[in-house]
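Participant: fold the following, please.
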Amino acid sequence: MSGKKMTFSNGLECYYISSDEETEYIFSEIFTEQQYLGQDIVINEDDCIFDIGANIGLFSLFVSKLQQNLKIYAFEPIQPTFAVLQANIYMHSLTNVSLFNCGFSSENNPEKLFTFYPNMAGNSTIKPGDALANTDTVTNENESEKIENIFEHLFVEKQQVKCKVRTISSVIDELAIDSIDLLKIDV
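Facilitator: Numbering: from 1, shown residues only. This is a model prediction of the structure:
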């Protein structure tokens, strides 16, 4: 795949689509802070994991390093982001990860309209007002000063894209999943 490639602080190489800032932030959440392992979450051998909102695959890469025999189902609806997800899974030779170019909703729809932010791909959404509302004000705890619209410039570029969405029940039925050991949802 041609495109941007980053090497993180732990030596992990990864293709990415977004801004450097967003990609580093997501890496930090998953690998450095290990936020997805809170609340006594344990990843065991042979677990079935659904990675909903897989983005470029950092969570799938992370859990694949924890255990060898996981079955991971990664879902990403935005086609340009999905292409990067595919490239990362291929680059790291993860044969235990099944990829799906779809999102989830309360009903199956082959053409749900999303707003795709190329510089903040992880914030692409069917509800663009919600994504932008979260960037209005950030407070610096050390100095108690407001930093308004710190990420606003990353949301300027946007595109309307149609994506497939499905119900989680339809996917579980189609794949004949008996149980899901970890359901990671970041959408």
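Participant: buried sites along the longest helix anywhere in the chain?
Facilitator: The residue-count maximum for a helix in the chain (DSSP state H) belongs to helix 79-91. By 16 or more other CB atoms under 10 Å, the buried positions in helix 79-91 come out as 80, 81, 82, 83, 84, 85, 86, 87, 88, 89. Using the backbone N, CA and C atoms, a C-beta is placed for each residue, glycine as well.
Participant: tell me which two of the residues you listed sit farthest apart.
Facilitator: 80 and 89 (15.5 Å; CB to CB).
Participant: helices of this protein, start to end?
Facilitator: 20-27, 58-66, 79-91, 128-133, 168-175.
Participant: lowest-confidence stretch among those?
Facilitator: Lowest mean pLDDT of those: helix 128-133, a mean of 60.
Participant: residue 55: what's it in contact with?
Facilitator: Residues near residue 55 by CB atoms under 8 Å, 6 or more residues apart in numbering: 26, 76, 81, 85, 121, 122, 186.
Participant: re earlier: to residue 155, which of the helices of the chain lies closest?
Facilitator: helix 128-133 (6.0 Å).
Participant: tally of neighbours for residue 5?
Facilitator: 13 (other CB atoms under 10 Å).
Participant: setting aside sequence neighbours, what's the nearest residue to residue 111?
Facilitator: residue 162 (4.3 Å; CB to CB, 6 or more residues apart in numbering).
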